[in-house]
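**Student:** got a predicted structure here, sequence first:
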Amino acid sequence: MKKLFSSLLLLSFFLFFAQTDTAQVINLDRKNAVEVISKPYVILISADGFRYDYAEKYKAENLLKLAQYGVSAKAMLPSFPSITFPNHWSLITGLYPAHHGLIDNYFYDYQKKKFYAMSNKEAAEDGTWYGGTPLWSLAEKQGMLSASMMWVGSASDAGGERPTYYYHYHEKFTPNEKVDKVVDWLKLPEDRRPHFITLYFPEVDASGHHFGPDTKETENAVHLIDDAVGNLVEKVKQLGLKNVNFIFVADHGMIKVDVEHPIAIPEMLFDKSRFDFYNSQTLMRVVVKDPAEVHSVYKELKKNKTSDYDVFLNKRFPKKLNFSLKDDRYNRIGQIIVVPKAPKIFLEKGKKTSLGKHGYSPYEVPEMKATFIAFGPAFKNDKKIGEFQNVNVYPIVTDVLKLKMTEPIDGTQKVAKEILK
């Protein structure tokens, strides 16, 4: 009986969390300010890992058609490193990763004496890890309701205000179930209706990692998201709302990596009394515990390196990547940065990896580049533009929603002026 009771208790525990995990969180005390009611709407959609050429490559009919009605970029350049959490936070704050502090999906903060990991719910929902003011926080502070369907950091109090409507992250909703929930937000009375909505889809990234970017599985994932976007646009159209604008982006691209011949991590780095190293496979950061050793360690790593990777001191890292010592506002990067040359990766012995990867510089590896398509009454029609950095999405949104930026960002108004009517 005791064993049965324990089993039932455990089952109840899992059922409870299965239910609460998918529940919407709502702040019932908030309403749109009177002056917000007549303002436009923006739905910012991220399809994780949706490479800049996927729409053409896999004939994503809805996105290609919508691009003709609006604006499309040759490519959008992710911030370095071209990794999911850093770039979603760059899109939503207009800051480079080294400036907002989310420098990787996994890192250690030597002042906090804690690890940040995207898979750790407590850390991922702790706003003290995140710098900058996310767009939903900016909107809420100016009397505009917002909603988020699982965007990075949206369940945290980063920037001082959570969205009025949000979900804790999980992967139990299908793309079209997410679409229906977004449409439900837009069906709310105008004083309760969010004007800024973020929507996140992980499926293309997952397929790209598991199967590689040039496979039928990834093509199917592209079509799945393309269908969901088409469904969203049609259902929003049926609502009869005026001035609804859509921005479709990705955080990064994807490349097939050489899993058969990974680069061995230099043996000296395994001396934990001298070093910590953080290996995301497409980027390795080294912390030298004795600052007096930094230059000698750098010289030794440089001397013994192969042609498959480069070694940099943080203060000499390429300026255009905004990931050097002077950019490191939270002291999280490390003194030495080791960068493999695509499609090479660093891999510890005995560890598994995936066929598809990202994280490389978009300037050196074109496959890292992401998609940008925008359409709606605020945007010019059939407008094609060149490449631009993803920190410029922030001022596009603020211009459309007529929000006042309250702190400096790394993006500029240049792209917004080029694509908005």
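**Tutor:** Looks like it arrived, so ask away.
**Student:** and Ser273, how many neighbours does it have?
**Tutor:** Ser273 is flanked by 6 other residues according to other C-beta atoms under 10 Å. The C-beta positions use only the backbone N, C-alpha and C, and glycine is treated the same way.
**Student:** now do Val204
**Tutor:** When neighbours are counted by other C-beta under 10 Å, Val204 comes out with 28.
**Student:** remind me which residues of this structure are low pLDDT?
**Tutor:** Applying pLDDT under 70 to the chain picks out residues 1-20.
**Student:** and the spatially most central residue of the chain, what does it touch?
**Tutor:** With distances taken as C-alpha atoms, centre = their mean, the residue of the chain nearest its centroid is His88 (2.2 Å). By C-beta atoms under 8 Å, 6 or more residues apart in numbering, the residues touching His88 are Ser46, Trp151, Val152, Gly153, Tyr200, Asp251.
**Student:** give me that answer again for 6 Å
**Tutor:** Contact analysis of His88 by C-beta atoms under 6 Å, 6 or more residues apart in numbering lists Val152, Asp251.
**Student:** Glu140 now?
**Tutor:** The neighbourhood of Glu140, defined by C-beta under 6 Å, 6+ apart, consists of Ser146, Glu161.
**Student:** is it true that it lies in a strand?
**Tutor:** No. Judged by DSSP: H, G, I helix; E, B strand; the rest coil, Glu140 forms no part of a strand; its state is helix.
**Student:** these two touch, right, Glu161 and Ser137?
**Tutor:** Yes. Judged on C-beta atoms under 6 Å, Glu161 makes contact with Ser137 at a distance of 4.3 Å.
**Student:** which element is the residue nearest to the centre of the chain on?
**Tutor:** According to DSSP states H and E, His88 maps onto helix 84-93.
**Student:** what's the first helix or strand after that helix?
**Tutor:** Next along from helix 84-93, by DSSP H and E: helix 97-100.
**Student:** the more surrounded of Glu161 and Ser137?
**Tutor:** More crowded of Glu161 and Ser137, by other C-beta under 10 Å: Ser137, with 25 against 19.
**Student:** check contacts around that one.
**Tutor:** Gly159, Gly160, Glu161.
**Student:** and with 10 Å instead?
**Tutor:** If you count contacts by C-beta atoms under 10 Å, 6 or more residues apart in numbering, Ser137 has them with 92-93, 127, 146, 153-154, 156-163, 406.
**Student:** what does Asn105 give?
**Tutor:** For Asn105, the contacting residues are 81, 83-86, 116-119, 124, 152, 280, 359, by C-beta under 10 Å, 6+ apart.
**Student:** check Leu420 too.
**Tutor:** Here Leu420 is in contact with Val71, Asn245, Ala374, Ala378, Phe379, Lys380, Lys383, Ile396, Asp399, Val400, Gln413 (C-beta under 10 Å, 6+ apart).
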